[in-house]
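In: sequence below, structure please.
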Amino acid sequence: MRKRRGKGVVSLLAEGLFVGLAATRALDWLSTILYEREDALERAEEDRARGGLTAYERAVEQMTTRLGKRLDTRQLGRWGWRFHESFGVAAGIGYVALRRRYPRVGASWGLAFGAAFFLVADELMMPLFGWTPGPRAFSWKVHARGAVSHLAYGVAAEAAARAFERGREALAGTLDARH
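Out: Numbers count the residues shown, from 1 in each chain. So this is what the prediction gives:
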């Protein structure tokens, strides 16, 4: 009996990395565009509500403080961004794992995942971990930007997953043709 190709842990990690990076780039791109188009006073109000740090900078600050280390603003920015990227990649691995277990997850082109990701991560986890104040601290525009950006994450995750599958199938076909 022939072993199914491309469905093991290594494949999951490779595909999840690809999907997570692509989806995180889409989220960041759209979120940045929307943020830069917001009124400067609204951006300042959001920044004030967050205490001058992004959720990921706050997460890194909490972790390093617990370890007895203090980071300066530049270091918090750099490590916060890395934490954000890692969070997005991990969600990509999660998306691929869900999609493999429940193929219908891809039927909505990732929109359901993106919406759930927004609700669970931004609206629930961030405040629970103390990385942001509660949802009432922000205007509806901040929530809308987050929701739309996470929907873009979901769509990009699905598009990347489909592209990865097509590439894997094409490679398998090429390898099979050689044997």
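
In: can you list the low-confidence ranges for the chain?
Out: Residues of the chain meeting the criterion pLDDT under 70: 1-6, 175-179.

In: now the helices for it?
Out: Residue ranges of the helices in the chain, as given by DSSP state H, are 9-36, 40-49, 55-66, 73-101, 111-117, 126-128, 140-178.

In: got the angle for the first one vs helix 140-178?
Out: For the pair helix 9-36 and helix 140-178, the angle between their directions (axes from the mean of the first three to the mean of the last three CA atoms, to 10 degrees) equals 150 degrees.

In: returning to that earlier point: any idea which of the helices of the chain is most buried?
Out: Comparing those by mean neighbour count (mean count of other CB atoms under 10 Å), helix 111-117 ranks first with a mean of 20. Where C-beta positions appear, they are placed from N, C-alpha and C, glycine not excepted.

In: if I look at the nearest residue to Arg58 once chain neighbours are set aside, how far off is Tyr102?
Out: Distances taken as CB to CB, 6 or more residues apart in numbering put Trp131 closest to Arg58, at 4.4 Å, once the chain neighbours are dropped. Distance, Trp131 to Tyr102, by CB to CB, to the nearest Å: 29 Å.

In: looking at the two, which is more packed in?
Out: Trp131 (22 against 10; other CB atoms under 10 Å).

In: against Met125, how distant is the more buried one?
Out: Distance of Trp131 to Met125, given as CB to CB: 8 Å.

In: one more: Leu76?
Out: Counting by CB to CB, the gap from Leu76 to Met125 is 19 Å.

In: need the contact list for the residue lying closest to Pro133 once chain neighbours are set aside.
Out: Nearest non-adjacent residue to Pro133, counting by CB to CB, 6+ apart: Ala49, 5.7 Å away. By CB atoms under 8 Å, 6 or more residues apart in numbering, Ala49 lies in contact with Thr132, Pro133, Ala137, Phe138.

In: of those, select the buried ones using a ChimeraX command.
Out: In ChimeraX, a selection of the buried entries from those looks like this (16 or more other CB atoms under 10 Å):
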select :132,138
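
In: tabulate the contacts of Ala49 (a markdown table), appending distance to Ala147.
Out: Putting these into a markdown table (distance: CB to CB, whole Å) gives the following:
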| residue | distance to Ala147 |
| --- | --- |
| Thr132 | 15 |
| Pro133 | 18 |
| Ala137 | 16 |
| Phe138 | 12 |
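
In: inside strands: which ones of the contacts of Ala49?
Out: Using DSSP state E, no member of the contacts of Ala49 falls within strands.
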